[in-house]
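Visitor: Structure here, sequence nowhere to be found:
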């Protein structure tokens with residue numbers, strides 16, 4: 001018998017018939033009611049018996065869905081679970097499926113979607129991938145973020161090329177097959193693939209992803225898949241109790257589609273008592289031990305791994321997937337939380353931006369400042385400052401700060417406020433850290449007030465500037481479309497000796513992630529360096545300025561790249577650690 005091809009059973013061979021019914025897949029080219037009783041010449045093409053897990057015997061899959069409301073923290077739950085599984089010795093990767101029709105978040109307003117997180121390969125992705133990389137050790141790629149826009153774009157391109165051989169293109173199987181292919185490719189080389197499905201169960205745009213999950217679990221075998229459903233238990237003050245009905249309805253929606261959650265992660269402001277757990281277990285068909293309490297964290301998201309470990313979430317998932325691992329070591333996340341809750345010292349850092357009303361707009365920046373504090377056993381109080389307000393009175397808003405950071409951004413609103421902020425901290429000796437646009441406004445300020453280049457500016461804000469010290473890269477000038485057309489991803493940076501950047505990194509070459517269109521204008525390099533601006537980092541391939549410093553200043557660094565995309569609580573970025581160290585020194589002198 002050929003591998004994967006079954007032989008026919010006698011009509012009375014009921015045990016074998018039942019076995020075949022459980023193991024047989026019917027290929028799309030043959031439409032029959034019962035392949036066992038086909039004519040002999042058709043049996044070999046109708047019967048296909050896949051191995052237990054025909055994708056990869058060692059890969060396990062965890063799907064995380066959300067119910068009741070959006071923004072429940074599915075991404076953080078996925079990241080924290082990934083961290084716990086890594087501590088058990090497993091190779092873990094995480095990915096996000098987003099049901100929106102945008103191809104990626106690159107062109108989306110930060111007020112609507114939060115920050116755009118950039119990966120090493122230049123993919124512009126959802127901010128949850130930032131959580132994935134911060135909590136786990138893996139470096140992610142564009143394979144780890146899939147949107148409906150990407151799915152439908154790929155399906156339509158295949159249809160136009162004739163790949164479907166004239167078939168009617170439908171959501172099932174063509175769209176769902178595309179989603180399943182991403183699961184297969186992302187799962188290569190890992191022990192566990194954790195996939196978060198964006199949105200809320202019941203959203204119409206999310207249905208193809210949920211259906212693809214159901215199909216995938218059937219194909220790889222349920223013993224290789226765990227479904228984790230994150231839901232909300234609202235507390236009604238008038239009744240004085242947590243309500244489980246919304247969660248019951250959410251699970252019912254999933255079960256209508258054919259998915260039974262294995263674990264229920266319950267977001268709540270109050271603890272779950274035994275009665276609540278028993279009620280959810282009964283009505284949601286989930287074992288009591290798999291009803292997990294996930295309360296709001298007290299002071300930091302980095303408390304979450306320990307919180308879920310106490311609920312034994314990693315043990316439950318490993319049991320579901322049949323994985324035997326080492327015991328989870330204690331202390332790693334506990335020490336991080338200790339430094340956050342009871343630091344030896346504290347500094348105050350001002351972040352001058354134009355999206356300060358929204359916490360998620362500069363999510364990675366805020367987290368990286370916290371990491372810099374962890375590196376120095378220092379608490380970091382972040383003061384969010386509107387650039388337009390700073391422009392009116394920089395001294396009033398900046399004088400008492402231990403350090404000032406200007407993050408990246410686009411557009412002219414608030415630029416003059418950022419330039420005023422840079423001027424103030426440069427003149428007063430306050431530690432300064434500029435990221436991307438923050439580096440560019442530092443160059444503009446230095447050119448205007450130190451090099452005396454009147455009217456110096458970026459061509460992004462003033463196309464007629466007499467001194468365009470920041471200008472559009474030549475290859476960007478003919479580009480009309482906005483999505484994925486910037487300088488994106490990791491590039492090399494050489495660090496000369498005797499610079500703040502070289503001292504922070506401790507090596508002479510690094511790779512950092514970029515997301516911008518405008519660059520330092522090399523026509524002004526000599527003039528600005530003679531005035532006291534130090535070139536502290538250069539891309540060797542294209543001779544582009546990556547880092548600038550002000551020589552006669554305690555700590556003044558501007559970088560063209562985004563170091564916040566490579567900082568982790570377990571491995572703080574060297575520049576953020578050095579910035580906080582400089583802020584501590586200033587705080588001690590006040």
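Guide: Thanks, I have the structure now. Every value quoted in this text rests on a predicted model; they were computed, and no experiment measured them. Numbering: from 1, shown residues only.

Visitor: make it CA atoms for all contacts and neighbour counts henceforth
Guide: Noted.

Visitor: May I have the phi/psi pair for the nearest residue to residue 66 once chain neighbours are set aside?
Guide: Nearest residue to residue 66 in three dimensions, chain neighbours excluded: residue 230, at 4.7 Å (CA to CA, 6 or more residues apart in numbering). Main-chain dihedrals, residue 230, degrees, to the nearest 10: phi -100, psi 130.

Visitor: Below-threshold pLDDT in the stretch 1-150 of the chain: ranges please.
Guide: For the stretch 1-150 of the chain, applying pLDDT under 70 flags the ranges 1-57, 109-113.

Visitor: One more: the stretch 451-590 of the chain?
Guide: For the stretch 451-590 of the chain, the ranges with pLDDT under 70 are 474-485, 590.

Visitor: can we see that at 80?
Guide: 473-486, 589-590 (pLDDT under 80).

Visitor: on that earlier part again, surely the residue nearest to residue 66 touches residue 262?
Guide: No. Counting by CA atoms under 8 Å, residue 230 stays clear of residue 262, with 11.1 Å between them.

Visitor: contacting residues around stretch 204-218?
Guide: 63, 97, 99-100, 171, 175-177, 179-180, 197-201, 224-225, 257-259 (CA atoms under 8 Å, 6 or more residues apart in numbering).

Visitor: quick one: contacts for residue 59?
Guide: By CA under 8 Å, 6+ apart, the neighbours of residue 59 are 187, 188, 190, 191, 192, 193, 224.

Visitor: Tell me which stretches of the stretch 151-300 of the chain form strands.
Guide: With strands called from DSSP state E, counting those that start in this stretch, the stretch 151-300 of the chain shows them at 192-197, 225-232, 235-236, 241-242, 263-268, 291-295.

Visitor: Over to the stretch 1-150 of the chain?
Guide: For the stretch 1-150 of the chain, the strands defined by DSSP E, counting those that start in this stretch cover 60-66, 92-98, 117-118, 124-125, 145-147.

Visitor: what's the burial count for residue 427?
Guide: Neighbours of residue 427 under the rule other CA atoms under 10 Å: 9.

Visitor: which other residues reach the helix or strand it falls within?
Guide: Counting by DSSP states H and E, the element that carries residue 427 is helix 415-428. Residues outside helix 415-428 that contact it (CA under 8 Å, 6+ apart) are 352-353, 387-392, 394-395, 398, 404, 406, 431-432, 438, 441-442, 444-446, 449, 553, 556.

Visitor: change it to 7 Å
Guide: Around helix 415-428, the neighbours that count as contacts under CA atoms under 7 Å, 6 or more residues apart in numbering are 352, 387, 388, 390, 391, 394, 432, 441, 442, 445.

Visitor: if I pick the residue nearest to the spatial centre of the chain, what's in contact with it?
Guide: The structure's the chain has its C-alpha centroid closest to residue 129; by CA atoms, centre = their mean the separation is 1.3 Å. Contacts of residue 129 were listed using CA under 7 Å, 6+ apart, and they are residue 117.

Visitor: what separates it from residue 78, distance-wise?
Guide: 10 Å (CA to CA, to the nearest Å).

Visitor: repeat for residue 296
Guide: 15 Å.

Visitor: which one of those two has more residues nearby?
Guide: residue 78 (26 against 15).

Visitor: OK, contacts around that one?
Guide: Residue 78 neighbours (CA under 7 Å, 6+ apart): 194, 196.

Visitor: mind checking the longest helix of the protein?
Guide: Longest helix of the chain, by residue count under DSSP state H: helix 574-589.

Visitor: quick one: buried residues of that helix?
Guide: By neighbour count on 16 or more other CA atoms under 10 Å, the buried set for helix 574-589 is 574-584, 586-587.

Visitor: now stretch 62-79: how far from the chain's centre is it?
Guide: 13 Å (CA atoms, centre = their mean, to the nearest Å).

Visitor: Kindly check the end-to-end length of that stretch for me.
Guide: By CA to CA, one end of stretch 62-79 lies 12 Å from the other end.

Visitor: Return the set of buried residues in it.
Guide: 62-68, 72-79.

Visitor: Can you tell me which of the contacts of stretch 204-218 are buried?
Guide: 63, 97, 99-100, 175-177, 179-180, 197-201, 224-225, 259.

Visitor: which residues of the stretch 451-590 of the chain fall in strands?
Guide: Going by DSSP E, counting those that start in this stretch, the stretch 451-590 of the chain shows strands at 456-458, 467-472, 487-494, 509-516, 518-520, 533-539, 544-550, 556-559.

Visitor: a markdown table for those, including mean neighbour count and distance to residue 412?
Guide: Putting those into a markdown table (neighbours: other CA atoms under 10 Å; distance: least, CA to CA, whole Å) gives the following:
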| stretch | mean neighbour count | distance to residue 412 |
| --- | --- | --- |
| strand 456-458 | 24 | 10 |
| strand 467-472 | 22 | 13 |
| strand 487-494 | 20 | 20 |
| strand 509-516 | 20 | 14 |
| strand 518-520 | 22 | 13 |
| strand 533-539 | 21 | 24 |
| strand 544-550 | 24 | 22 |
| strand 556-559 | 26 | 19 |
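
Visitor: out of the ones you listed, nearest to residue 347?
Guide: Of all the strands of the stretch 451-590 of the chain, the one in closest proximity to residue 347, counting by CA to CA, is strand 556-559 (17.0 Å).

Visitor: Figure out how far that closest one is from the centre of its chain.
Guide: That offset, for strand 556-559, works out to 25 Å (CA atoms, centre = their mean).

Visitor: Can you tell me what sits against it?
Guide: 431-436, 438-439, 442, 546-550.

Visitor: Pick out the most distant pair among these.
Guide: So, these by CA to CA: farthest apart are 431 and 546, at 18.9 Å.

Visitor: Quick one, which of the contacts of residue 59 are buried?
Guide: Judged by 16+ other CA under 10 Å, buried ones among those: 187, 191, 192, 193, 224.

Visitor: would you list the residues you listed in JSON lines and tack on distance to residue 91 and pLDDT?
Guide: Output for those, formatted as JSON lines (distance: CA to CA, whole Å; pLDDT from 0 to 100):
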{"residue": "187", "distance to residue 91": "10", "pLDDT": "90"}
{"residue": "191", "distance to residue 91": "5", "pLDDT": "95"}
{"residue": "192", "distance to residue 91": "6", "pLDDT": "97"}
{"residue": "193", "distance to residue 91": "9", "pLDDT": "97"}
{"residue": "224", "distance to residue 91": "15", "pLDDT": "95"}
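
Visitor: closest to residue 92 among the residues you listed?
Guide: residue 192 (4.9 Å).

Visitor: pretty sure that closest one contacts residue 94?
Guide: No. Using CA atoms under 7 Å, residue 192 is not in contact with residue 94; the gap is 8.5 Å.

Visitor: host element of residue 319?
Guide: Short version, using DSSP H and E: residue 319 is in helix 313-321.

Visitor: now that helix: how far from the chain's centre is it?
Guide: The answer for helix 313-321 is 24 Å, by CA atoms, centre = their mean.

Visitor: ok, and what's touching whichever helix or strand comes after that helix?
Guide: Sequence-wise, the next helix or strand downstream of helix 313-321 (DSSP H and E) is helix 332-341. If you take CA under 7 Å, 6+ apart as the criterion, helix 332-341 is touched by 302, 303, 306, 374, 377, 379.

Visitor: So which bits of helix 332-341 are buried?
Guide: 333, 336, 337, 339, 340.

Visitor: try stretch 311-331
Guide: 311, 313, 314, 315, 316, 317, 318, 320, 321.

Visitor: Need the per-residue pLDDT for the second one.
Guide: pLDDT, residue 313: 97.

Visitor: Tell me how far it lies from residue 264.
Guide: In terms of CA to CA, residue 313 sits 10 Å off from residue 264.
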